[in-house]
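**Student:** Pasting the sequence and the predicted coordinates here, then a few questions.
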Amino acid sequence: MKRSEVNEILDHSWSFMKTHGVHLPPFAHWAPEQMRAPEATEIRARGLGWDITDYGQGRFDELGLFLFTARNGRAEDLGAGRGMLYAEKIMISRRDQLSPMHRHNIKAEDIINRGGGTLVIELFAPDAEGGIDRVAPVTVPCDGLARTLPAGGKLQLAPGESVTLMPGIWHAFWAEGDDCLIGEVSTVNDDRTDNIFEMKIGRFSQIEEDVAPSHLLVSDY
């Protein structure tokens, strides 16, 4: 992706969030120089801030996701079983934009449709080796109720609805009808090591620096 495209996506995403009444923490507004400064050491270490990915494929409108990490614990917290054991993200899935099939080894997450279109999540259970079981049904909690779908079933979440995805559950998602504002509440998030994709793709984008960044991405840290 070109940096100019990243800047445009940031502007568009920020405007979309504002239309849904989302307010971001102060560091969201920091210029690159401030984000590189010593005062931002903890922000960088926890992977907080702006995140835009095309999964290294250069087709953001078809295969991509916007994210903002508002809070995040550390792996050491999980290991100790105490401390900041949680994370929170705000995401935007554009209409018909795919976030490809993947699973997490550690992270459990609630995916919440916060507004906009319908959020569609394709689900598979893991097989004994952690791969995709294309036969077995999959059961997931949805707002306190268990939902069972066939392998590859497509769960549709209207605004206000959510699903809990435990470690190992394979999932891909996209928005239908309109762009979708998504909330994610999870255990500690590690996007560098805890994303296992079905496709041979990367989690972060390769950025071509054609203009100066308006804001740094998590991947710039």
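**Tutor:** Alright, I've got the coordinates. What you see is a predicted model; the values in this text were computed from it and never measured.

**Student:** Please tell me how far the helix or strand of the chain at the bottom of the mean pLDDT ranking is from the chain's geometric centre.
**Tutor:** One helix or strand of the chain scores below all others by mean pLDDT, DSSP states H and E: helix 75-80, with a mean of 90. Averaged C-alpha coordinates place helix 75-80 at 21 Å from its chain's average position (CA atoms, centre = their mean, to the nearest Å).

**Student:** For the residue nearest to residue 189 when sequence neighbours are not counted, give its distance to residue 144.
**Tutor:** In space, and not counting its chain neighbours, residue 189 is closest to residue 87: 4.0 Å by CB to CB, 6 or more residues apart in numbering. (C-beta placed from N, C-alpha, C; glycine too.) Shown here: residue 87 relative to residue 144, a distance of 22 Å by CB to CB, to the nearest Å.

**Student:** out of the two, which sits in the more crowded spot?
**Tutor:** Using other CB atoms under 10 Å, the more surrounded residue of residue 87 and residue 144 is residue 87, with 22 against 7.

**Student:** my guess is that one contacts residue 71, does it?
**Tutor:** Yes: if you go by CB atoms under 8 Å, residue 87 and residue 71 touch, sitting 6.2 Å apart.

**Student:** Run a quick neighbour tally on the closest residue to residue 74 other than its chain neighbours.
**Tutor:** The spatial neighbour of residue 74 that comes closest, neighbours along the chain excluded (CB to CB, 6+ apart), is residue 188 at 6.4 Å. By the criterion of other CB under 10 Å, residue 188 has 21 neighbours.

**Student:** Residue 188 against residue 86, yeah?
**Tutor:** Yes: in this structure, residue 188 is within contact of residue 86 by CB under 8 Å, at 7.0 Å.

**Student:** tell me what the longest helix along the chain is packed against?
**Tutor:** Longest helix in the chain, counting residues (DSSP state H): helix 3-19. The elements that helix 3-19 packs onto, with contact taken as 3 or more CB pairs under 8 Å, 6 or more residues apart in numbering; DSSP states H and E, are strand 49-53, strand 65-72, strand 86-93, strand 170-187.

**Student:** so what sits against both of residue 188 and residue 86?
**Tutor:** Common neighbours of residue 188 and residue 86 (criterion: CB atoms under 8 Å, 6 or more residues apart in numbering): residue 73.

**Student:** before we move on, back to that, the longest helix of the chain - what's its average pLDDT?
**Tutor:** Mean pLDDT, computed over helix 3-19, is 96.
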